[in-house]
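Q: this is a predicted model, with the sequence first.
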Amino acid sequence: VDDPRDLAELDAPEWTVGQRVLCEDGCGAVFCCDACAASSRQEGWHRVLCSDLPPEKRQLWAMFKRHAVRHHELFILAAQVVGEIVCLVRHYGADLWEAMAFFTRFAK
């Protein structure tokens, strides 16, 4: 930034982030509020990769993320996409091929 005054707008109240809410299962996910944290426990990749896992297996997701950060962070995104597909099929009755097609349409 050439002029520090350009950053003054970021001090406005609409840009202030509220108190963060950590995943209560300890996977390291951070949410903007309790409602978002509760929602993530019921839907999406977070449900599959954290909330639905037995406590003794939750450490595997954390280990995977540490490995990915060291070697290739896109592994985390890939795991989240697979988790999202699994959630759609297992918990919402989506067809596997349709669920995969929804995400693979971006990889052409």
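A: Looks like it came in fine. Residues are numbered from 1 along each chain as shown.
Q: for this structure, what's the longest helix?
A: helix 74-92 (DSSP state H).
Q: quickly note the distance from E56 to L49.
A: According to CB to CB, to the nearest Å, E56 stands 15 Å off from L49. Where you see a C-beta, it was placed from the backbone N, CA and C, and this is true even at glycine.
Q: and those two? Which one has more around it.
A: More crowded of E56 and L49, by other CB atoms under 10 Å: L49, with 25 against 7.
Q: A strand includes that one, no?
A: No: under DSSP: H, G, I helix; E, B strand; the rest coil, L49 falls outside any strand and is assigned helix.
Q: how about the helices in the chain?
A: 34-40, 45-46, 58-71, 74-92, 96-104.
Q: deepest-packed of those, please.
A: helix 45-46 (a mean of 22; mean count of other CB atoms under 10 Å).
Q: let me see the mean pLDDT of that helix.
A: For helix 45-46, mean pLDDT is 94.
Q: now for it, which elements pack on it?
A: Other elements packing on helix 45-46 under the criterion 3 or more CB pairs under 8 Å, 6 or more residues apart in numbering; DSSP states H and E are helix 74-92.
Q: nearest to E14, out of the helices of the chain?
A: helix 34-40 (18.1 Å; CB to CB).
Q: for that closest one, enumerate the helices and strands it packs against.
A: strand 21-22.
Q: what lines up beside the strand it packs on in the sheet?
A: strand 30-31 (antiparallel) (DSSP bridges).
Q: any idea how far the strand it pairs with is from the chain center?
A: 9 Å (CA atoms, centre = their mean, to the nearest Å).
Q: now A35: how far from E98?
A: 29 Å.
Q: the residue nearest to H67 when sequence neighbours are not counted: what's it in contact with?
A: Excluding the flanking residues, the one nearest H67 by CB to CB, 6 or more residues apart in numbering is F75, at 7.4 Å. Applying CB atoms under 8 Å, 6 or more residues apart in numbering to F75 gives the contacts F64, H67, A68.
Q: do you know the pLDDT at the second one?
A: Read that as H67. pLDDT at H67 comes out at 95.
Q: need the contact list for the residue nearest to the spatial centre of the chain.
A: Centroid check for the chain by CA atoms, centre = their mean gives H46 as the closest residue, at 5.9 Å. Contacts for H46 (CB under 8 Å, 6+ apart) come out as C23, C27, A29, S40, G83.
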